[in-house]
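**Student:** What follows is a protein structure lacking sequence information:
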């Protein structure tokens, strides 16, 4: 059996196993935090548990996308540190494996993670974001979820109080009370025997029949009462029934890289933002490769120790923070001009070059150490 291929398979299997473990742990942590916010938002708004589960499932692809690069870096650090403490790296070195040769399995592992993130970036995340936005719009358009609740005072908007005594099978509202205190200058109270909710092109309308309206002017506390046979109250903004605007995060990568003037104009985004979003989907997965390579290369610095690589791990984390700062700066620059999109690729390129440079330094350190040992022996 070829010892080279055996070592590669062993290291790759260890990296993959730990990557799966750390991904599961980190995704669970992120998911629990996200689920807590969604639970408060949805259940508090009267939605069912099935809607809550659907929303959390649709949020998972984006959470996984954010977690995978961290998991790849953490798995690499953990595996290499363990192999060093158990003298497995010493055995590999004694067999003639250089740091560059040992990193081949790490590069394959990093490319595997890069492919996973690319699938998420280009396919699953845009689809899930679009579906999540559609579901939010559907809930916003569900009049019953917001306004049609018998026997309860609800507050669909700032300063708005709404009450329905009874809802018939035909959708007629009986015993309607509506208080509009959104205007500081006056408060209007509507009381009607019957009412109907009617969607229109301008938004949702509440048509009230056989009732009274009381207007209280706050400046002098003057109250005016008016009886009406029918009155219309505009609920636009309280329950939006219009079509939602598609965001650029929901578009395909091809549409982002080659945006049309119509898309740029109607989506209230600049061409630079389109190009940044599209090229970021291509470039950012390679940060997982760069992170894994940096984690491995940083631990190759210095001498092997059974006590681990505390300083090297700290140095690797520092380099990862620097890489993230570079990525943030490049993102800001790319959004400013539609000709600056190439800077999006700087952070993964710099990360890979950092790892290669660390490996060269590691090889030089090893040669210097070996030469010193030879002189001492002679």
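**Tutor:** Looks like it came in fine. What you see is a predicted model, and the numbers here were worked out from it, not measured in a lab. Residues are numbered from 1 along each chain as shown.

**Student:** Pull the number of nearby residues for the nearest residue to residue 255 once chain neighbours are set aside.
**Tutor:** If the residues on either side of it in the chain are set aside, residue 255 comes closest to residue 263, at 7.0 Å by C-beta to C-beta, 6 or more residues apart in numbering. To be clear about C-beta, it is placed using only N, CA and C from the backbone, and glycine gets the same treatment. By the other C-beta atoms under 10 Å criterion, the neighbourhood of residue 263 contains 17 residues.

**Student:** list the contacts for residue 263?
**Tutor:** Residues in contact with residue 263, defined by C-beta atoms under 8 Å, 6 or more residues apart in numbering, are 251, 255, 274.

**Student:** and the gap between it and residue 169?
**Tutor:** For residue 263, the distance to residue 169 under the criterion C-beta to C-beta, to the nearest Å works out to 45 Å.

**Student:** now residue 312
**Tutor:** Using C-beta to C-beta, one gets 72 Å for the distance from residue 312 to residue 169.

**Student:** Next: residue 76.
**Tutor:** In this view, residue 76 and residue 169 are 63 Å apart by C-beta to C-beta.

**Student:** more neighbours, these two?
**Tutor:** The neighbour count for residue 76 versus residue 169, taken as other C-beta under 10 Å, is higher for residue 76 (29 against 5).

**Student:** tell me which element that one falls in.
**Tutor:** Element membership of residue 76 [criterion: DSSP states H and E] is helix 49-85.

**Student:** and the closest residue to residue 347 other than its chain neighbours, how many neighbours?
**Tutor:** The spatial neighbour of residue 347 that comes closest, neighbours along the chain excluded (C-beta to C-beta, 6+ apart), is residue 327 at 3.8 Å. Residue crowding around residue 327 was assessed by other C-beta under 10 Å; the count is 22.

**Student:** quick one: residue 327 and residue 287 touch, right?
**Tutor:** Yes - at 7.0 Å, residue 327 counts as touching residue 287 under the criterion of C-beta atoms under 8 Å.

**Student:** quick one: low-confidence parts of the stretch 251-378 of the chain?
**Tutor:** Scanning the stretch 251-378 of the chain for pLDDT under 70 picks out 302-308, 364-378.

**Student:** again, only using 80
**Tutor:** Along the stretch 251-378 of the chain, segments meeting pLDDT under 80 span 266, 268, 302-309, 363-378.

**Student:** Report all helices and strands that the longest helix along the chain contacts.
**Tutor:** Using DSSP state H to assign secondary structure, the helix with the most residues in the chain is helix 3-43. With contacts defined as 3 or more C-beta pairs under 8 Å, 6 or more residues apart in numbering; DSSP states H and E, the packing partners of helix 3-43 are helix 49-85, helix 99-119.

**Student:** what's the closest of those to residue 291?
**Tutor:** Across the helices and strands packed on helix 3-43, the minimum distance to residue 291, taken as C-beta to C-beta, is reached by helix 49-85, at 3.9 Å.

**Student:** thinking again about what came up before, if we compare the helices and strands packed on helix 3-43, which one ends up closest to residue 175?
**Tutor:** In terms of C-beta to C-beta, the element of the helices and strands packed on helix 3-43 nearest to residue 175 is helix 49-85, at 28.7 Å.

**Student:** ok, back up a step: name the residues of the helix holding residue 76 that are buried.
**Tutor:** Residues of helix 49-85 classed as buried by neighbour count (16 or more other C-beta atoms under 10 Å): 51-52, 54-56, 58-69, 71-81, 83-84.

**Student:** could you say what helices and strands the helix or strand following it packs with?
**Tutor:** Counting by DSSP H and E, the next helix or strand C-terminal to helix 49-85 is helix 88-94. Of the remaining helices and strands, those touching helix 88-94 by 3+ C-beta pairs under 8 Å, 6+ apart are helix 49-85.

**Student:** what's the distance between residue 347 and residue 281?
**Tutor:** Distance, residue 347 to residue 281, using C-beta to C-beta: 14 Å.

**Student:** per-domain residue ranges of the protein.
**Tutor:** Taking automatic domain parsing as the reference, the chain has its domains at 3-141+246-377, 148-234.

**Student:** which one of those domains is the most hemmed in?
**Tutor:** Between those, domain 3-141+246-377 has the highest mean count of neighbours, a mean of 17, where neighbours are mean count of other C-beta atoms under 10 Å.

**Student:** Contact partners for the most centrally placed residue in the chain?
**Tutor:** Centroid check for the chain by C-alpha atoms, centre = their mean gives residue 62 as the closest residue, at 4.4 Å. Residue 62 makes contacts with 120, 125, 128-129, as judged by C-beta under 8 Å, 6+ apart.

**Student:** Keep only those of these that are in strands.
**Tutor:** Taking DSSP state E, every one of these sits outside strands.

**Student:** possible to save those as TSV with pLDDT and distance to residue 135?
**Tutor:** Putting the contacts of residue 62 into TSV (pLDDT from 0 to 100; distance: C-beta to C-beta, whole Å) gives the following:
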residue	pLDDT	distance to residue 135
120	94	19
125	92	16
128	90	10
129	89	11
